[in-house]
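Sharing a sequence plus its predicted fold:
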Amino acid sequence: MPVPDSDLDAVTAAASSPDWPVRAQAGRDLARWAHRDDASAVLLRLILDPHDTAVTDATSHALLQRDDAHGLRVIARALATAINSEYADHLYAAVAQHLLPDGPIAEFLRLCDELIDDSDPTTRLGAGHLRDMATPWTLAT
């Protein structure tokens, strides 16, 4: 059953709240719309929240739980933008928590490989970084 656009509008509005817990909840809620370009742009902004990395954590975990290319595409774009920053550390931790000890590593790598061929260069770059992150874990399996 499709979710009404009015729900998306409400969650998008919450993403601009001055209160970090509201923005973090908006990231969790908005993850279900990651397949939409308008929502993915807001999700990217939430992952790179300039005021609180709790928003980064909540949003990235929700996107990873989707276990699909739409969620991982937003993560890849954020990582490509966040290289060598505190955000990259938080994204790396979220990926580690999602995949270890017995998460969907094979599916994660398959999605990374799919996104490495994406038409968007930022997505390709981030997907390569994500794949490189996960590669050591495949050696332990």
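Here it is on my side, so go on.

Counting neighbours, which bits of stretch 114-124 end up buried?
Buried residues in stretch 114-124, counting neighbours by 16 or more other C-beta atoms under 10 Å, are found at 115-116, 118, 122-124. All C-beta atoms are positioned from the backbone trio N, CA, C, and that covers glycine.

Select, from those residues, the two members most distant in space.
For these, the maximum inter-member distance is 12.2 Å, found between I116 and T122 (C-beta to C-beta).

before we move on, back to that, can you list the buried residues of stretch 114-124 in JSON lines and add pLDDT and distance to A58?
JSON lines is the format used below for the buried residues of stretch 114-124 (pLDDT from 0 to 100; distance: C-beta to C-beta, whole Å):
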{"residue": "L115", "pLDDT": "98", "distance to A58": "22"}
{"residue": "I116", "pLDDT": "97", "distance to A58": "27"}
{"residue": "D118", "pLDDT": "96", "distance to A58": "25"}
{"residue": "T122", "pLDDT": "97", "distance to A58": "22"}
{"residue": "T123", "pLDDT": "97", "distance to A58": "22"}
{"residue": "R124", "pLDDT": "97", "distance to A58": "26"}
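
closest to P136 among those?
The nearest member of these to P136, counting by C-beta to C-beta, is I116 at 17.8 Å.

Please look at that closest one and H129 and confirm they touch.
No. Using C-beta atoms under 8 Å, I116 makes no contact with H129, being 10.2 Å away.

got a list of what L30 touches?
The contact partners of L30, taken as C-beta atoms under 8 Å, 6 or more residues apart in numbering, are 8, 11-12, 15, 39, 42-43, 46, 59, 62.

Most neighbours out of the residues you listed, which is it?
Using other C-beta atoms under 10 Å as the neighbour test, the contacts of L30 are led by T59, with 35 neighbours.

Where does that one sit: helix, strand or coil?
Following DSSP: H, G, I helix; E, B strand; the rest coil, we place T59 in the helix state.

Many thanks, we can stop here.
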